[in-house]
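Enquirer: Compute the structure for the input listed below.
(one chain, ligands or ions: 1)
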Amino acid sequence: MSDAELVLRSTRVITPEGTRAASVAVSAGKITAVLGYDAEVPSGARLEDLGDDVLLPGLVDTHVHVNDPGRTEWEGFWTATRAAAAGGITTLVDMPLNSLPPTTTVDNLRTKQDVAADKAHIDVGFWGGALPGNVKDLRPLHEAGVFGFKAFLSPSGVDEFPHLDQDRLAQSLAEIASFGGLLIVHAEDPHHLDAAPQQGGPRYADFLASRPRDAEDTAIAQLIAQAKRLHARVHVLHLSSSDALPLIAEAKREGVRITVETCPHYLTLTAEEVPDGASEFKCCPPIRESANQDLLWQALADGTIDCVVTDHSPSTADLKTDDFATAWGGISGLQLSLAAVWTQARRRGHTLEDVVRWMSARTAELVGLDARKGAIEPGRDADFAVLAPDETFTVDPAALQHRNRVTAYAGKTLYGVVRSTWLRGERIVADGEFTDPKGRLLTRTS
Ligand SMILES: [Zn+2]
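Expert: Here you go, the predicted model:
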């Protein structure tokens with residue numbers, strides 16, 4: 001470790017082989033060695049002794065709506081990446097919609113990259129979008145470095161990002177499969193949504209009934225069929241319905257190239273606890289009952305669900321009205337995702353290693369960044385979160401770095417205080433103090 005510039009030492013370092021006392025050597029932004037706890041620190045290297053705080057790989061959040069440019073009053077690269085850093089996230093991948101323009105052409109991607117470039121406190125990559133009529137743009141976007149393509153199978157909530165019907169889904173997916181790309185899908189079937197009772201108003205039970213499980217289950221079954229037929233690689237976004245789990249498990253057993261994510265809100269909040277009119281809890285698909293949540297946890301444990309991502313999708317407070325039918329659908333959770341998931345995971349007997357696997361290793365793998373991110377081992381970027389896992393805090397919206405501080409987690413007591421976050425060997429936030437932005441823009445090919 002003679003070339004190390006920095007050594008991070010902790011009694012609890014989470015590595016792919018498990019948690020152990022170790023000293024992690026860093027040089028030129030990369031992890032160069034994971035050594036014994038008592039390893040000699042080379043002369044000239046700075047020792048950072050973290051005591052019993054846990055050193056874990058920085059989280060990789062592959063589902064974030066930054067909304068910049070165009071709806072910057074909802075969020076923005078500056079605020080989103082600071083919130084992410086404060087929550088232990090060191091890489092995010094931005095969704096192609098809710099910004100204006102959406103990321104559906106190479107020109108639009110360039111616009112977004114230009115906006116993000118000097119505001120990113122953490123590393124940022126981009127998803128492209130698959131819309132009706134942009135099949136010709138998919139390959140150029142792939143070559144320009146987007147990590148894959150998002151499609152909706154039902155209305156997205158914004159007019160500039162229309163959904164794909166089954167024929168158009170097949171066209172886009174065939175094109176994406178032709179260059180070995182990845183399609184990520186918001187899977188709710190529009191016909192089942194149309195057939196569901198659309199009561200409107202402030203009652204959460206009415207909103208839940210308007211987004212039934214079978215809308216998800218049907219869309220996922222159709223997606224599996226298309227993926228199988230085209231030998232394409234697909235990913236189910238924000239799974240909420242536990243009824244779809246047997247379908248997914250069966251598809252995986254058959255060798256269909258499908259992965260699945262779920263989100264902190266489905267894993268930690270329940271329909272039973274949502275007060276009427278509290279649209280900070282509104283998202284699509286919706287937060288469901290606690291029995292449904294138990295099955296999502298089981299599926300994470302057995303690998304049917306691969307990973308956990310925030311789906312951070314904020315808006316301004318005025319759009320969060322008390323009518324669930326018309327309020328903006330999206331939950332803001334970037335800064336709180338690690339603590340929220342860890343709090344529930346520990347209660348259910350899961351380890352911090354499990355959480356790291358779901359929120360860092362597997363998400364890095366999903367986007368092909370697993371040679372650089374997602375683990376503490378030599379050769380990877382020196383991206384870390386330092387966590388006090390047994391300390392608690394109570395969520396105070398005023399302490400959030402999100403541009404809009406509307407949150408479904410207000411007042412909750414969570415385990416896991418992020419002491420500091422490190423990007424390529426530099427401490428980018430500690431105790432609420434941030435450095436200047438040091439994030440880089442990532443592409444699939446860089
Ligand atoms: Zn989303």
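
Enquirer: What are the boundaries of the strands in the stretch 101-250 of the chain?
Expert: All strands of the stretch 101-250 of the chain, identified by DSSP state E, counting those that start in this stretch, fall at 123-126, 128-129, 149-152, 182-186, 233-236.

Enquirer: Quick one: these as CSV, columns for distance to R427, mean pLDDT and mean neighbour count too.
Expert: Any C-beta I mention is one placed from the backbone N, CA and C, and that applies to glycine too. Formatted as CSV, the strands of the stretch 101-250 of the chain follow (distance: least, Cβ to Cβ, whole Å; pLDDT from 0 to 100; neighbours: other Cβ atoms under 10 Å):
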stretch, distance to R427, mean pLDDT, mean neighbour count
strand 123-126, 15, 98, 26
strand 128-129, 33, 98, 29
strand 149-152, 33, 98, 26
strand 182-186, 32, 98, 25
strand 233-236, 33, 98, 24
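
Enquirer: right, and those - which one's nearest R403?
Expert: Closest approach to R403 among the strands of the stretch 101-250 of the chain is made by strand 123-126 (16.1 Å; Cβ to Cβ).

Enquirer: what are the C-alpha coordinates of that closest one, in CSV please?
Expert: C-alpha atoms of strand 123-126 as CSV (Å, rounded to 0.1, in the frame of the first residue of the first chain):
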residue,chain,number,x,y,z
ASP,A,123,-21.8,11.0,-10.1
VAL,A,124,-24.7,11.3,-12.4
GLY,A,125,-25.8,9.1,-15.3
PHE,A,126,-28.9,9.2,-17.5
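
Enquirer: So for T443, which of the strands of the stretch 101-250 of the chain sits nearest?
Expert: Between those, strand 123-126 lies closest to T443; by Cβ to Cβ that is 6.7 Å.

Enquirer: hey, what's I31 bridged with?
Expert: V26 (DSSP bridges).

Enquirer: In contact with it, which residues?
Expert: Applying Cβ atoms under 8 Å, 6 or more residues apart in numbering, we find I31 in contact with V24, A25, I376, E377, P378, G379, R380, D381, A382.

Enquirer: just the helices in the chain please.
Expert: Ranges of helices within the chain are 77-86, 106-116, 135-144, 166-178, 190-195, 204-210, 213-230, 245-254, 264-268, 290-302, 337-347, 352-356, 362-366, based on DSSP state H.

Enquirer: Please compute how far the fourth one lies from its chain's middle.
Expert: This points to helix 166-178. Distance, stretch centre to chain centre, for helix 166-178: 24 Å (Cα atoms, centre = their mean, to the nearest Å).

Enquirer: what does stretch 272-283 give?
Expert: On the basis of Cα atoms, centre = their mean, stretch 272-283 sits 21 Å off its chain's mean C-alpha point.

Enquirer: how about it: buried residues?
Expert: Residues of stretch 272-283 classed as buried: V274, G277, A278, S279, E280, F281, K282, C283 (neighbour count, 16 or more other Cβ atoms under 10 Å).

Enquirer: Among these, which one sits closest to E160?
Expert: E160 lies nearest to C283 out of the buried residues of stretch 272-283, by Cβ to Cβ, at 19.9 Å.

Enquirer: So the closest one sits against W328, correct?
Expert: No: using Cβ atoms under 8 Å, C283 is not in contact with W328; the gap is 9.5 Å.

Enquirer: coming back round to it: for the buried residues of stretch 272-283, work out which two are farthest apart.
Expert: Greatest spatial distance in the buried residues of stretch 272-283: G277 and C283, 15.6 Å, computed using Cβ to Cβ.

Enquirer: residues touching P69, list them.
Expert: Neighbouring residues of P69 by Cβ under 8 Å, 6+ apart: S99, L100, T111, K112, V115.

Enquirer: Not counting sequence-adjacent ones, nearest residue to the third one?
Expert: Among residues not flanking T111 along the chain, P101 sits closest, at 6.1 Å (Cβ to Cβ, 6 or more residues apart in numbering).

Enquirer: From P140, how far off is the one you found?
Expert: 15 Å (Cβ to Cβ, to the nearest Å).

Enquirer: again, but for Q344
Expert: For Q344, the distance to P140 - Cβ to Cβ - is 42 Å.

Enquirer: Repeat that for A327.
Expert: For A327, the distance to P140 equals 37 Å [Cβ to Cβ].

Enquirer: So for the two, which residue has more residues nearby?
Expert: For A327 versus P140, the count of surrounding residues by other Cβ atoms under 10 Å is larger for A327: 20 against 14.

Enquirer: Stretch 322-334 spans what distance, first to last residue?
Expert: End-to-end distance for stretch 322-334, by Cα to Cα, to the nearest Å: 23 Å.

Enquirer: buried stuff in it?
Expert: Buried positions in stretch 322-334, judged by neighbour count with 16+ other Cβ under 10 Å: F324, A325, A327, W328, G329, G330, I331, S332, G333, L334.

Enquirer: all strands of the stretch 251-400 of the chain, in order?
Expert: Remark: strands assigned in the stretch 251-400 of the chain by DSSP E, counting those that start in this stretch are 258-262, 307-308, 384-394.

Enquirer: what sits against A345?
Expert: T351, L352, D354, V355.

Enquirer: Which single one of those is nearest to T79?
Expert: T79 lies nearest to V355 out of the contacts of A345, by Cβ to Cβ, at 24.6 Å.

Enquirer: Tell me if I'm right that the closest one and T343 touch.
Expert: No: contact between V355 and T343 fails when scored by Cβ under 8 Å: they sit 10.1 Å apart.

Enquirer: okay, these two: which has more neighbours?
Expert: V355 (25 against 22).

Enquirer: Pull the number of nearby residues for N108.
Expert: When neighbours are defined as other Cβ under 10 Å, N108 has 20 of them.
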